[in-house]
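# Give me a model of this one.
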Amino acid sequence: MNAWSLLTGLIEPVTHLIDELHTSEEERLQIKSGLFKVQSEMAMKVMDYEARLVEAQAKIITAEAQGASWLQRNWRPITMLTFLVLVVADTFGLTAFRLADQAWTLLQIGLGGYVIGRSAEKVVPKITEVMRKD
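Have a look, this model is predicted:
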């Protein structure tokens, strides 16, 4: 479950409860306005947390890419190339066994992490710079 779904799941029942209250329309709108303000503040905190998380991940990847050891700099590409070879071999029936569902899940996570990490390495510094200006 991602943070946005969790946030919406927490706020939505309260919104429905407010609609059911026997109060004036003005009071309901005031309560909903306050609730929307709280939701917006929570959303900003979630966005800030996610930006910091991606920034930390990007720093790790950058540190690995600039490391002194050849293996430290290249273990991610080697891992992804290994997965690629396994996928191609599995697709053409060249393996003695079929890749398990867990292997495909691991491949999706690895590829997603690799692509997102490399993208974050380039994008996150710009996003955090913009957020700090506000």
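# what ranges do the helices span in this protein?
Ranges of helices in the chain, per DSSP state H, are 3-20, 25-65, 70-91, 101-133.
# Let me have those in a markdown table, adding mean pLDDT and mean neighbour count as columns.
Where C-beta positions appear, they are placed from N, C-alpha and C, glycine not excepted. Listed next are the helices of the chain as a markdown table, based on pLDDT from 0 to 100; neighbours: other C-beta atoms under 10 Å:
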| stretch | mean pLDDT | mean neighbour count |
| --- | --- | --- |
| helix 3-20 | 70 | 12 |
| helix 25-65 | 82 | 13 |
| helix 70-91 | 83 | 13 |
| helix 101-133 | 72 | 13 |
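# Grab the most central residue of this structure for me.
The centroid of the chain falls nearest to Glu50 when counting by C-alpha atoms, centre = their mean (6.9 Å).
# mind checking how far the residue of the chain most remote from its centre is from Gln30?
Of all residues in the chain, Ser24 has its C-alpha farthest from the mean position, at 41.0 Å, by C-alpha atoms, centre = their mean. Per C-beta to C-beta, to the nearest Å, Ser24 is found 9 Å from Gln30.
# And for Leu106?
Per C-beta to C-beta, Leu106 is found 50 Å from Gln30.
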